[in-house]
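Undergrad: Generate coordinates for the sequence data below:
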Amino acid sequence: MNDDQISARHSARLAAVQALYQMEVSGATTEDVIRDFSAGKLPRETEATYSASEGDLDLFKVLVEKAVERQATLDRAIARHLSKGWRLERLDAVARAILRAGAAELEQRQDIPKAVVLDEYVEIAKSFFEGPEPGFINAALEACARDLRSEAEGA
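TA: Take a look at the predicted model:
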């Protein structure tokens, strides 16, 4: 995979997190956020490291569509691995979006190595949070990977 493909996938992941957040807080639809991504309006980054126009549309669509379609299943997988007394609803909306996108990718894109998926979402978490959240995201997605990927696929 070349640098442009890696950059396109990163942009798609970041945009998916932003789209899931936007959908939760504003009621935007899947179609709305796919249209925004296709038009280069997502991701909205503070540091111009990646170009949204070069984002991986197929990956973005899978992440957003499956995170929405399979939200109940993904949320259960995530919730099983939260600390005792914590509920998914108590988490910051951005953290929920990161976890849902990461869980959707772990489940739907088993061709992408688990370590790559975890690293990408931890890096995304670091762009939003300066505290313990990236470590929490890593631990939660690592645990979810055991539920969402079978041993046969190398989880």
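Undergrad: Could you list the buried residues of the helix of greatest length in the chain?
TA: Secondary structure of the chain per DSSP state H: the longest helix is helix 3-26. Neighbour counts using 16 or more other Cβ atoms under 10 Å place 7-23 of helix 3-26 among the buried residues. Where you see a C-beta, it was placed from the backbone N, CA and C, and this is true even at glycine.
Undergrad: Check stretch 121-138 too.
TA: Neighbour counts over stretch 121-138 (16+ other Cβ under 10 Å) mark 121, 122, 124, 125, 127, 128, 129, 133, 134, 136, 137, 138 as buried.
Undergrad: again with stretch 79-96
TA: Buried, per 16+ other Cβ under 10 Å, within stretch 79-96: 79, 81, 82, 88, 91, 94, 95, 96.
Undergrad: in the chain, which spans are helices?
TA: Taking DSSP H to define them, one finds helices in the chain at 3-26, 30-38, 57-69, 71-79, 93-108, 114-128, 133-148.
Undergrad: Which residue, other than its chain neighbours, is closest to the spatially most central residue of the chain?
TA: Closest to where the C-alpha atoms of the chain average out (Cα atoms, centre = their mean) is residue 101, at 2.4 Å. Among residues not flanking residue 101 along the chain, residue 16 sits closest, at 4.6 Å (Cβ to Cβ, 6 or more residues apart in numbering).
Undergrad: I'd assumed residue 64 was in contact with that neighbour.
TA: Yes: using Cβ atoms under 8 Å, residue 16 makes contact with residue 64 at a distance of 5.3 Å.
Undergrad: coming back round to it: out of the buried residues of stretch 79-96, which is nearest to residue 149?
TA: residue 81 (14.0 Å; Cβ to Cβ).
Undergrad: Is the closest one in contact with residue 144, as I believe?
TA: Yes: using Cβ under 8 Å, residue 81 is in contact with residue 144, at 6.1 Å.
Undergrad: residues in contact with the residue nearest to residue 101?
TA: 59, 60, 63, 64, 67, 101, 104 (Cβ atoms under 8 Å, 6 or more residues apart in numbering).
Undergrad: export those to a markdown table and tack on pLDDT and distance to residue 1?
TA: Formatted as a markdown table, the contacts of residue 16 follow (pLDDT from 0 to 100; distance: Cβ to Cβ, whole Å):
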| residue | pLDDT | distance to residue 1 |
| --- | --- | --- |
| 59 | 97 | 12 |
| 60 | 96 | 17 |
| 63 | 98 | 18 |
| 64 | 98 | 22 |
| 67 | 98 | 23 |
| 101 | 98 | 20 |
| 104 | 97 | 20 |
